[in-house]
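Engineer: Requesting a structural model of the entry that follows:
(2 chains)
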Amino acid sequence: MAESVSRPEVEDLLYREAALLDEWRLEEWLELLTEDAAYYVPPNDHPKGDHHNTLFILADDIVRIRERVKRLMSPDCHAEYPHSRTRRLIGNVRIIGTDGDLVTVAANFICHRYRRYERIREYTGAYRYVLKREGTKLRIRERRVFIDAYELGSLGSLSFIL
Amino acid sequence: MPRSYIIDDPVRKRFLLDREALVSPAVLQEEMAKIFSKCWIYVGHSSELKQPNDFVTRKVAGRPVIFNRDARGEIHCFLNTCRHRGAIVCTEREGSRRSFRCVYHGWAYRNDGALGIVPGAEAYKGEFDTRELGLKSPARFESYRNFWFLNLDPDAVELRDYLGRAKDYIDLVLDQSPSGSMEIVTGTQEYDVAANWKLMVENSVDDYHLPSTHATWLNYMANSGVKIERPAEGRVLPTKGLAVDLGNGHFTTDNVNFRGRPVAAWIPIYGEDAKPEMEEIRGELVQRLGAERAKRVADTNRNLIIFPNLVINDGSSVTVRTFFPEAPANMHVTAWALGPVEESESARARRLDAFLTFYGPGGFATPDDVEALELVQQGLANWQEVRWTEMSRGMGREEEQLNSDEHHLRIFWRRWNQLMDSADG
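Structural biologist: Prediction:
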């Protein structure tokens, strides 16, 4: 049976993750993930698609998540050097299901992004997390990002971790 | 006004481009008339319309269009505007519909374009004839092997003739499929780039930029076990390839593969368990095409440009990419993945995963291309003081032109300049 999980515990994890991502402490962020974690951004025209048969914006297993972090921390990652400044607000956090030691969580987000020359981009959407109870810790096994914009066009590259 | 934007000097072996071509609103206006209204422009692929009555809507050359199959299965392209007062008659992105009904006054068109219902038609007393008021199509609409193009010029040459030698390279891509049929995979990538559209043409085939722009992608490949030959001197491409002129402004790179191909060139990223199936795929290629052609399909990459704005990248995966200017310093890019119709579930998943290693707004390479193009565009604000872009690389080379030269970029610009320097349009 799953240990009971409270919403404050989930919120603590999500808020901590948001802070680490906003502060570009990406190695620390990796510690929040399970060893089999995945990160998905489905395409805006088929948000319910499966990445095995649908072209996603992004579909990383843990190996590629770690490679992505290496890339993002390199000064040769031109799209993120200098880094975007991001500020994300997370709300409407809901536990929507539990299955053994897994907990499915929904949340909404707004993420403001600033880069050089004052280009501003704003992302709104929903997160869908699968969290895993590992001893006393709650870790992220899957994070899926649904972007509300009808098209990603105006949002440009998704070169940072949303 | 017709004028030349290039200095093309075979004696001095110099090729210079006037940067005004990349920043000017007047140039964009002229391009819409002389290029986007005269050339064959990619609309979509038959496979996006699987069943009768299926439709998608999109903007092509600035025109909102409906790309659809009618009830009998025939493919059409309609300008998405009501013949009555002009409103868009199909507001959905995709779906299945037997008719398109304008929300404004209720005029309804069958999906073969014919005007059906006109509420209160008896009020028209003069020469009003619904048979003449169907949805309008672009002047020309033709296909080559399921790739559909429109042309706004009724006098344009046939699509097959326009494509010319580029057809050979389209055929080479489609040889990946045992039946010669590839399909667009579900899911669209879209991204705006704050840069002139012609910079994307250059970038799509410019192999000179790979080591510096895509250093992190090369690291990722190396970390995953791909053997990356570091350049011996300077910073140019690890492996040699060619730039091939295909006529009519079309061109392609033609490179020896080093980075893995979902069609039968395994790299460790695909996983050990992918090996048997990939050997089977290669076996089928050899059996069907012979050893030499199979090697062309499996072990060479190409980035093909159909002038002016269709790119087929046949590299880490196959992309179909098109882009349109929104403003002199802004373009909208749309990209799809293309795969053989008979591909297994596991091969399809591998193809899509390979796509994301490099391409798209979340890929390991495309965001840095976008960054490079946007940096170019920002620098071009100095165009009046620093007027000329240098594009002479490899000019006058005696032997074959390399992919890391700028030969193919010059092919594009010569054709572009020729069209812009004509009184036509």
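
Engineer: From now on I want contacts and neighbour counts done on CA atoms only, so please keep to that.
Structural biologist: Noted.

Engineer: Can you give me the neighbour number for the residue in chain A that chain B sits nearest to?
Structural biologist: Going by CA to the nearest CA, chain B is nearest to residue A:153 of chain A, at 3.7 Å. Using other CA atoms under 10 Å in any protein chain shown, residue A:153 has 18 other residues around it.

Engineer: So which residues make contact with the helix or strand of chain A with the lowest mean pLDDT?
Structural biologist: Lowest by mean pLDDT, DSSP states H and E among the helices and strands of chain A is strand A:119-134, with a mean of 93. By CA atoms under 8 Å, 6 or more residues apart in numbering or on different chains, the residues outside strand A:119-134 that reach it are A:2-3, A:34, A:101-114, A:138-149, A:155.

Engineer: Help me see whether stretch A:51-69 makes contact with chain B, please.
Structural biologist: Yes - Stretch A:51-69 is in contact with chain B by CA under 8 Å from any CA of the partner chain, via A:51, A:52, A:53, A:54, A:55, A:56, A:57, A:58, A:59, A:67, A:68.

Engineer: any idea where the helices of the stretch 201-350 of chain B begin and end?
Structural biologist: Along the stretch 201-350 of chain B, counting by DSSP state H, counting those that start in this stretch, helices occupy B:210-213, B:215-223, B:275-289, B:291-299, B:345-358.

Engineer: okay, those, which one's buried deepest?
Structural biologist: Most buried of the helices of the stretch 201-350 of chain B by mean neighbour count (mean count of other CA atoms under 10 Å in any protein chain shown) is helix B:345-358; its value is a mean of 21.

Engineer: Contacts for it next, please.
Structural biologist: Applying CA under 8 Å, 6+ apart, the contact partners of helix B:345-358 are A:51-59, B:217, B:261-262, B:270, B:277, B:316-319, B:337, B:339, B:362-366.

Engineer: Let me have the helices of the stretch 201-350 of chain B in CSV, extended by mean pLDDT and distance to residue B:372.
Structural biologist: Formatted as CSV, those follow (pLDDT from 0 to 100; distance: least, CA to CA, whole Å):
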stretch, mean pLDDT, distance to residue B:372
helix B:210-213, 90, 7
helix B:215-223, 92, 13
helix B:275-289, 96, 35
helix B:291-299, 95, 29
helix B:345-358, 96, 15
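
Engineer: Tell me which of those helices sits nearest to residue B:383.
Structural biologist: Residue B:383 lies closest, by CA to CA, to one member of these: helix B:210-213, at 23.0 Å.

Engineer: quick one on the thing from earlier: from the contacts of strand A:119-134, which are also near chain B?
Structural biologist: residue A:155.

Engineer: Any chance of a PyMOL selection covering the buried ones in the contacts of strand A:119-134?
Structural biologist: Only the buried entries of the contacts of strand A:119-134 go into this PyMOL selection, using 16 or more other CA atoms under 10 Å in any protein chain shown:
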select buried, chain A and resi 34+101+102+103+104+105+106+107+108+109+110+111+112+113+138+139+140+141+142+143+144+145+146+147+155
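
Engineer: For chain B, which residues are neighbours of chain A?
Structural biologist: Proximity of chain B to chain A (CA under 8 Å from any CA) is limited to residues B:185-193, B:213-217, B:220, B:332-333, B:336-337, B:345-346, B:348-350, B:352-353, B:356, B:360-364, B:367-368, B:370-372.
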